[in-house]
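Enquirer: Got a predicted model here, sequence first, then my questions.
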Amino acid sequence: METSKKPNTRGILDWFDPRGRNVGGWGFIINRLSAIGLTVYLYLHLYMLGKLAQGPEAFDAFIETAKQPAIMFGEMLVIIAGLYHGFNGLRIALNSFGIAVPAQRQLLYGVVGITLIGTVVFGVRMLTTH
Amino acid sequence: MSEEKWTVKFVIFRKKGDQPARYDSYVLEVDPEEYVIDGVERIWAFHDRSLIFAHACHHSTCGACGMRVNDVEKLTCITKIRDVTTNGGTLKIEPMRNFPIIGDLVVDMTRMYAAMDRVHAKAVHPLSAAPLEGEDIRPPRDVPRNNGNEYLRLADCIECGLCISACPVAGTAENYLGPAVLAAAQLQGLKHNPDLLDVVDCADGLWRCHSAYECTAVCPSNVDPGWRIMDLRRQVVGERLKRWFVKA
């Protein structure tokens, strides 16, 4: 019988498949999603900074656009992604030095908790400022 | 075994050679105390003798019967039907991921065995290196001696490959050593096996792990590969620092 040498995998789709995943696996999925989101945001941010080179009118017009609810929601996602990715990075760094590995699940719950609190604080400030 | 009977639909992954994959369904009456492998064997014995699957010991020693049961890696000889479905429910049985499929539920595990050779994985270890662990068993505080020599025991890892199948990174990094292999390297220790340093301290070694800990979650044998990979990182950093200072 001719057998395939290709591994039985769907490639990067398996990164994001939540079926059958445990707590650590969910942490991995959200980490990947937040990394992609932050990368996309980096390019958007560079595009926004590019408006500065077009003069103050172009920049002010862009800032007005950025006050739309959809853009503000996007900013909220950036905060969520930044908080989660940053604090989860600390969790992984600690684990990588052999620290608190058996508590990796509890650390992840802590990361999610800090992310939620930070998001609420940012959301209240954003809504009261605008 | 109980008198209770459940009706369960087994949905089995099928693939031979270059044929496209398909799923075949079989409705069985089972005792919920039976194990998943019992149902698979019954399908082979009474419904379809062309079904290919691997099994041997039936008591979680050989590691041959690893499969994906309802999307989760399981050693099917110790997975009770009651624990993974309900009466009238479905059991989706698929081969492990991240290995080439030989046929139906059997995969080619050369990837793992070859990597095990690279880290000189041993079948037996000193008791102090591979202490008894588990829910009811704690590592001994004092390792007993046998006429001055340390007792040996079989390593926990049964090389079932479930950890590599569950690892989300192993699917996109074909050359990644994988959790079982890194756990085997950790068990030997870099201090006593310095030649392992270059094998594990590389892009496809322990730094490829992205801490999903799915390996630990699915391991049926108390190996805890996630912890061992992190401990190996600690060993590698320590060893590199030591060599750096010695060279300086």
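Expert: Looks like it came in fine. Numbering: from 1, shown residues only, chains lettered A, B, ... in the order given.

Enquirer: Any buried residues in stretch B:145-156, and which?
Expert: Within stretch B:145-156, the residues scored as buried using 16 or more other CB atoms under 10 Å in any protein chain shown are B:155, B:156. The C-beta positions use only the backbone N, C-alpha and C, and glycine is treated the same way.

Enquirer: Also stretch B:52-67?
Expert: For stretch B:52-67, by 16+ other CB under 10 Å, it's B:52, B:53, B:54, B:55, B:58, B:60, B:62, B:63, B:64, B:65, B:66, B:67.

Enquirer: Please look at residue B:236 and residue B:197 and confirm they touch.
Expert: Yes: using CB atoms under 8 Å, residue B:236 makes contact with residue B:197 at a distance of 6.6 Å.

Enquirer: Comparing these two, which shows the higher neighbour count?
Expert: residue B:236 (21 against 17; other CB atoms under 10 Å in any protein chain shown).

Enquirer: ok, that one - contacts?
Expert: Listed by CB atoms under 8 Å, 6 or more residues apart in numbering or on different chains, the contact set of residue B:236 reads B:190, B:197, B:200, B:201, B:206.

Enquirer: So which of those wins on neighbours?
Expert: Ranking those using other CB under 10 Å puts residue B:206 first, with 25 neighbours.

Enquirer: I'd like the distance from that one to chain A, if you could.
Expert: In this view, residue B:206 and chain A are 9 Å apart by CB to the nearest CB, to the nearest Å.

Enquirer: And the next helix or strand past the helix or strand hosting residue A:40?
Expert: If you go by DSSP states H and E, residue A:40 is part of helix A:23-50. As assigned by DSSP H and E, the chain's next helix or strand after helix A:23-50 is helix A:56-66.

Enquirer: Run a quick neighbour tally on residue A:79.
Expert: Counted with other CB under 10 Å, residue A:79 comes out at 16.

Enquirer: correction: residue B:36
Expert: Count around residue B:36 with other CB under 10 Å applied: 27.

Enquirer: For the helix or strand of chain A with the lowest mean pLDDT, which helices and strands make contact with it?
Expert: Within chain A, no helix or strand scores below helix A:56-66, which has a mean of 84 by mean pLDDT, DSSP states H and E. Using 3 or more CB pairs under 8 Å, 6 or more residues apart in numbering or on different chains; DSSP states H and E, the elements in contact with helix A:56-66 are helix A:69-96.

Enquirer: ok, the nearest residue to residue A:20 once chain neighbours are set aside - how many residues close by?
Expert: Spatial nearest neighbour of residue A:20, excluding adjacent residues (CB to CB, 6 or more residues apart in numbering or on different chains): residue B:71 at 3.5 Å. Residue B:71: 12 surrounding residues under other CB under 10 Å.

Enquirer: how about the helix holding residue A:40: buried residues?
Expert: Buried residues in helix A:23-50, counted by 16+ other CB under 10 Å: A:23-25, A:27-32, A:34, A:37-38, A:41.

Enquirer: For chain A, which residues are neighbours of chain B?
Expert: With CB under 8 Å from any CB of the partner chain as the criterion, chain A meets chain B at residues A:1-12, A:14-15, A:19-25, A:27-29, A:31, A:91-92, A:95-98, A:101-102, A:104-105.

Enquirer: Any quick PyMOL command for the buried ones out of those residues?
Expert: Those of the residues of chain A next to chain B that count as buried under 16+ other CB under 10 Å are selected in PyMOL with:
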select buried, chain A and resi 3+7+8+9+14+15+20+21+22+23+24+25+27+28+29+31+91+92+95+96+98+101+104
